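# what follows is a predicted protein model with its sequence.
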Amino acid sequence: MELKKNLGFIPVLSITMGSMISSGIFILPAAAFKHSGPSIIISYIIAGLCALIGSLGMIELTTAMPKAGGVYFFASRSLGAMIGTLSGLLMWIAIAMKGAFAIYGLASVISFFTGVNFYIIGLIVTLFYTALNIKGTKEAAKFDVCLVSSIIIIMIPFVLFGYNKVNWGDFSPFISDNGGFNSIFATAAFVFIAFGGIMNAANVSEEMANPKRDIPRAIIFAIVFISILYAIILVIAIGVVPNSEFINSLNPIADAGKYILGTPGYVVILIASCLAFSSCANSGIMSSSRYPLAMSRDGLVPKFIGKLNSRTNTPIYAILLTAVLVLIALALPLNSLVEGASTVILTSYILTDLSVIILRTSKIQNYQPSFKVPLFPWINILSIFLFICLICHMGMDAIKISVGLIVISLIVYFIYARKNKRQYALQHLVEKYRNKNLTSDGLEDELSEIVLERDNIISDEFDKLISAASVIDLDRTYKLNKIFQIISEKVKEKVNIDAETMASMFMKREQEGSTVLISTVAVPHIFVDEASIYEIVLLRCNSGIQFSKKYKHVKTVIAVVSSKNMRTQHLKTLTAIAQVIQDKEFDKKWENAETAKNLKDIFLLSDRRREE
């Protein structure tokens with residue numbers, strides 16, 4: 001049973017934004033203000049810029065591999081099962097901790113005004129969103145759309161009325177005397193959890209109707225919009241709430257609402273914060289549950305964890321386990337919750353950029369992202385450097401928490417998952433540099449299936465013919481009559497004509513008129529009297545074949561032997577070939593393909609128009 005592909009652009013944008021507009025802006029600024037004062041505005045902007053740079057690799061990988069589990073899937077397919085297990089378990093914990101951070105904020109607000117025990121409220125909220133996600137991803141996403149829309153509408157008057165009440169004197173001194181510029185970067189690392197929602201789009205990408213189009217739009221728009229929104233809200237909040245009160249505030253943005261519009265402003269912003277916490281909690285449970293789902297598919301955790309409910313089509317056990325993890329995380333101190341989650345999320349960005357570098361360098365043919373990181377590999381290297389710097393600024397306590405989680409993940413790997421033999425890109429790259437060929441096309445085959453699923457490719461008659469075609473790969477050139485002899489030997493058993501006669505028919509057809517479509521591609525073809533025959537042979541000769549004085553370097557030969565009554569099919573074949581070879585990368589792909597399967601995939605995974 002597969003996950004339903006019923007998420008469009010708006011739901012995914014809301015899932016991404018909803019997990020960012022929460023505790024990261026409504027609670028975290030007070031804790032961050034203690035570190036660096038008003039300059040937290042710069043810290044949030046730096047965190048947003050780092051998130052934008054880091055997200056480029058995430059976008060590339062997600063458009064190439066829109067699968068549940070996001071970072072886990074990328075890491076396991078590029079760096080192997082051990083790193084995949086580490087990233088999967090760590091990100092499961094980190095995103096669950098981020099969801100717990102949101103529930104922490106919601107429970108704190110409700111507990112403050114009602115007197116009800118904090119943990120009881122946290123339990124009720126967690127169970128509610130667990131039930132909502134079990135009911136269905138589409139339903140949970142719709143709920144998120146309503147929440148995020150409401151938050152943005154509420155914050156508009158906060159910005160409009162608040163600007164005129166800003167006391168610019170509250171921004172002096174702008175940079176804390178304690179840490180200077182160093183404190184700005186340390187605070188940027190501390191608040192980076194506010195941008196952790198970017199991962200959510202990757203985690204639910206398998207459930208998107210059009211990930212190639214919607215992933216880049218949703219992630220980039222969400223980061224830019226939220227970064228600007230954060231900066232504006234912080235300017236107003238710091239400018240209207242006295243610094244001494246801001247530091248000790250439970251919800252400094254709601255307090256700012258009181259200074260701007262009185263008690264009604266306080267209540268309205270408090271409602272907005274509760275909506276934001278709710279949205280983040282909902283998307284956090286939804287997103288993080290996809291990690292154990294993806295790992296169970298690969299046999300890295302027990303299979304039952306990834307089982308989908310037959311009625312709702314949701315990973316019920318993965319969601320329930322995530323809910324348990326969220327409840328455990330609620331018992332952690334706030335700073336530990338934030339620092340631990342931020343450090344793990346920062347680490348995941350490093351793994352993401354490493355994955356892009358390895359997959360691109362390995363030149364795996366079926367790795368076909370619709371979006372590519374510009375200025376490769378320099379942007380990826382810059383991103384890795386930035387995130388290492390941010391981790392170093394997190395402090396030893398956060399690093400110790402991360403090391404502890406890594407140790408636990410390694411124990412899980414060596415006990416349960418180390419027998420996993422799935423092929424990965426780093427292995428492919430190492431073998432290539434050792435001048436050895438992999439004995440399996442496992443990763444290429446898997447990526448091929450992903451592209452077919454992502455692009456909704458339904459095989460037509462031409463695809464079926466290519467799948468059944470014989471493949472010839474020549475390491476040196478031959479005269480044209482010899483080429484036709486080699487092709488004829490391949491199909492003689494399927495056609496009741498001897499190879500010599502068939503080769504002569506090919507030569508005669510070529511003399512009647514050239515079958516070269518473009519300078520590097522020829523489609524020699526003959527018609528036979530035998531009924532119901534249609535055979536295709538794919539031949540590659542990178543050193544080039546001379547078909548005539550004009551065409552001396554034909555590298556792609558698609559030979560066709562068909563019955564005389566199959567002329568319609570022949571015309572359809574020519575049309576399909578013409579569409580495929582229009583790709584400006586066709587010759588490069590053809591020359592670099594490593595296996596017969598790779599050669600076929602150039603046609604099978606093309607974006608040509610299929611016959612219904």
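Cool, the structure landed.
# tell me the SS of residue 539?
Here residue 539 is strand, with the state taken from DSSP: H, G, I helix; E, B strand; the rest coil.
# and for residue 29, the neighbour number?
By the criterion of other Cβ atoms under 10 Å, residue 29 has 30 neighbours. Where you see a C-beta, it was placed from the backbone N, CA and C, and this is true even at glycine.
# again, but for residue 113
9.
# checking it next. Helix, strand or coil?
Following three-state DSSP, residue 113 is assigned to helix.
# list the contacts of it.
Shown here is residue 113, which makes no contacts under the criterion Cβ atoms under 8 Å, 6 or more residues apart in numbering.
# do that again at 10 Å, thanks
Residue 113 is in contact with residue 270, counting by Cβ atoms under 10 Å, 6 or more residues apart in numbering.
# quick check: buried residues in the helix or strand containing residue 55?
Element membership for residue 55 (DSSP states H and E) is helix 40-64. For helix 40-64, the neighbour count (16 or more other Cβ atoms under 10 Å) marks 40-48, 50-64 as buried.
# before we move on, what about stretch 30-43?
For stretch 30-43, using 16+ other Cβ under 10 Å, the buried residues are 30-33, 35-43.
# and the residues you listed as JSON lines, adding distance to residue 555 and pLDDT?
Formatted as JSON lines, the buried residues of stretch 30-43 follow (distance: Cβ to Cβ, whole Å; pLDDT from 0 to 100):
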{"residue": "30", "distance to residue 555": "65", "pLDDT": "86"}
{"residue": "31", "distance to residue 555": "63", "pLDDT": "83"}
{"residue": "32", "distance to residue 555": "60", "pLDDT": "85"}
{"residue": "33", "distance to residue 555": "64", "pLDDT": "86"}
{"residue": "35", "distance to residue 555": "62", "pLDDT": "79"}
{"residue": "36", "distance to residue 555": "61", "pLDDT": "83"}
{"residue": "37", "distance to residue 555": "65", "pLDDT": "85"}
{"residue": "38", "distance to residue 555": "64", "pLDDT": "90"}
{"residue": "39", "distance to residue 555": "60", "pLDDT": "90"}
{"residue": "40", "distance to residue 555": "59", "pLDDT": "91"}
{"residue": "41", "distance to residue 555": "58", "pLDDT": "92"}
{"residue": "42", "distance to residue 555": "55", "pLDDT": "93"}
{"residue": "43", "distance to residue 555": "55", "pLDDT": "91"}
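# mind putting those residues into CSV with distance to residue 589?
Converted to CSV, the buried residues of stretch 30-43 look like this (distance: Cβ to Cβ, whole Å):
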residue, distance to residue 589
30, 55
31, 52
32, 49
33, 54
35, 51
36, 51
37, 55
38, 54
39, 50
40, 49
41, 48
42, 46
43, 45
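# ok, so of those, who is nearest residue 452?
residue 43 (44.1 Å; Cβ to Cβ).
# give me the number of residues near residue 348?
25.
# please tell me how far it sits from residue 484.
Separation of residue 348 from residue 484 (Cβ to Cβ, to the nearest Å) stands at 55 Å.
# same question, residue 88
Residue 88 is 53 Å from residue 484, by Cβ to Cβ.
# quick one: which of those two has more around it?
residue 88 (31 against 24).
# got a list of what residue 353 touches?
53-54, 56-58, 60-61, 373, 377, 379-387.
# repeat that with 8 Å
For residue 353, the contact set (Cβ under 8 Å, 6+ apart) comprises 54, 57, 380-381, 383-384, 387.
# show me which of those residues are buried.
54, 57, 380, 383-384, 387.
# nearest to residue 280, of those residues?
The closest of the buried ones among the contacts of residue 353, once distances to residue 280 are taken by Cβ to Cβ, is residue 54, at 19.6 Å.
# what's the closest non-adjacent residue to the closest one?
Computed as Cβ to Cβ, 6 or more residues apart in numbering, the closest residue to residue 54 that is not its neighbour in sequence is residue 349, at 4.0 Å.
# which stretches of the stretch 251-400 of the chain have low pLDDT?
Filtered on pLDDT under 70, the stretch 251-400 of the chain yields the residue ranges 334, 336-337.
# would you list every one of the helices in it?
In the stretch 251-400 of the chain, the helices defined using DSSP state H, counting those that start in this stretch lie at 252-288, 290-297, 316-329, 334-362, 378-392, 396-412.
# out of these, deepest packed?
Scoring the helices of the stretch 251-400 of the chain by mean neighbour count under mean count of other Cβ atoms under 10 Å gives helix 290-297 as the most buried, with a mean of 26.
# tell me which residues are up against it.
Outside helix 290-297, the residues that touch it by Cβ under 8 Å, 6+ apart are 67-70, 72-73, 84-85, 88-89, 91-92, 95, 203-204, 206, 301-307, 315, 317-318, 321-322.
# looking at the buried ones among the contacts of residue 353, spot the one nearest residue 563.
Nearest member of the buried ones among the contacts of residue 353 to residue 563, counting by Cβ to Cβ, is residue 57, at 51.1 Å.
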